[in-house]
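Trainee: Return atomic coordinates for the entry below.
(2 chains)
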Amino acid sequence: DAMVIQNPRYQVTQFGKPVTLSCSQTLNHNVMYWYQQKSSQAPKLLFHYYDKDFNNEADTPDNFQSRRPNTSFCFLDIRSPGLGDAAMYLCATSRGGGIGAYEQYFGPGTRLTVT
Amino acid sequence: QKEVEQDPGPLSVPEGAIVSLNCTYSNSAFQYFMWYRQYSRKGPELLMYTYSSGNKEDGRFTAQVDKSSKYISLFIRDSQPSDSATYLCAMSGLDSSYKLIFGSGTRLLVRP
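Mentor: Reported below is the predicted structural model:
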């Protein structure tokens, strides 16, 4: 089945220790998104890639970076995690054109704990 | 004022009840409307997708969009305990970025 996969599902890191979260997709979608979701809140968009074009949200802290080496994979790097970065991180994809262009499909998420 | 407003609940109903979930929005430029279901500690799952005004039905689920009132609804018929989850509305169409604007979600509990 075509899907969005996130690894790891749970990640524990220490305050200030860099961490990388990964996302892969078998949907062959053009657009990949990273969201941060805290308890009882809406997902907050951090950035997205349309193919190789990177789009950062204005309020995304510099502490968050992303890489998309190819169509299938996208990474979220948190350079110096703080306690406030503890959250669920969601990866999503969409076609980015044609029928269903706006439908986003989410992975299961990575729950990040910062100690 | 948030762009998309959604009552956080929780909404508690008995099994078999008809559930009505709603969102209001402020920007009349939205054209694409979606409902996602999110189980605890899981990613959101796309349930329904509607373009512009009107109704769309899929099994026990019906999505309604009233653009004149800037109001969207999701109805769940014959609700089941397995429907217990948080339901997020989302909308888009403001520009070509394909970004979604989410409501904060309504938590639904269906009691056996």
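Trainee: How about the spatially most central residue of chain A, nearest residue that isn't a chain neighbour?
Mentor: With distances taken as Cα atoms, centre = their mean, A:Trp34 lies nearest the centre of chain A, 2.7 Å away. Nearest non-adjacent residue to A:Trp34, counting by Cβ to Cβ, 6 or more residues apart in numbering or on different chains: A:Leu46, 4.6 Å away. Quick note: C-beta positions are derived from backbone N, CA and C, even for glycine.
Trainee: can you pull the contacts of the residue nearest to the centre of chain A?
Mentor: A:Trp34 is in contact with A:23, A:45-48, A:64, A:66, A:74, A:76, A:89-91, counting by Cβ atoms under 8 Å, 6 or more residues apart in numbering or on different chains.
Trainee: Put together TSV for the residues you listed, with pLDDT and distance to B:Ile18 on each row.
Mentor: Putting those into TSV (pLDDT from 0 to 100; distance: Cβ to Cβ, whole Å) gives the following:
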residue	pLDDT	distance to B:Ile18
A:Cys23	98	37
A:Leu45	94	33
A:Leu46	96	37
A:Phe47	93	40
A:His48	94	37
A:Phe64	97	42
A:Ser66	97	42
A:Cys74	97	40
A:Leu76	97	40
A:Tyr89	98	35
A:Leu90	97	30
A:Cys91	97	34
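Trainee: Kindly tell me how buried the closest residue in space to A:Lys52 that isn't next to it in sequence is, as a neighbour count.
Mentor: Ranked by Cβ to Cβ, 6+ apart and with sequence neighbours excluded, the top spatial neighbour of A:Lys52 is A:Arg68, at 6.5 Å. Per other Cβ atoms under 10 Å in any protein chain shown, the neighbour tally for A:Arg68 reads 19.
Trainee: Surely A:Arg68 touches A:Phe47?
Mentor: No. With contact defined as Cβ atoms under 8 Å, A:Arg68 does not reach A:Phe47; the gap is 9.9 Å.
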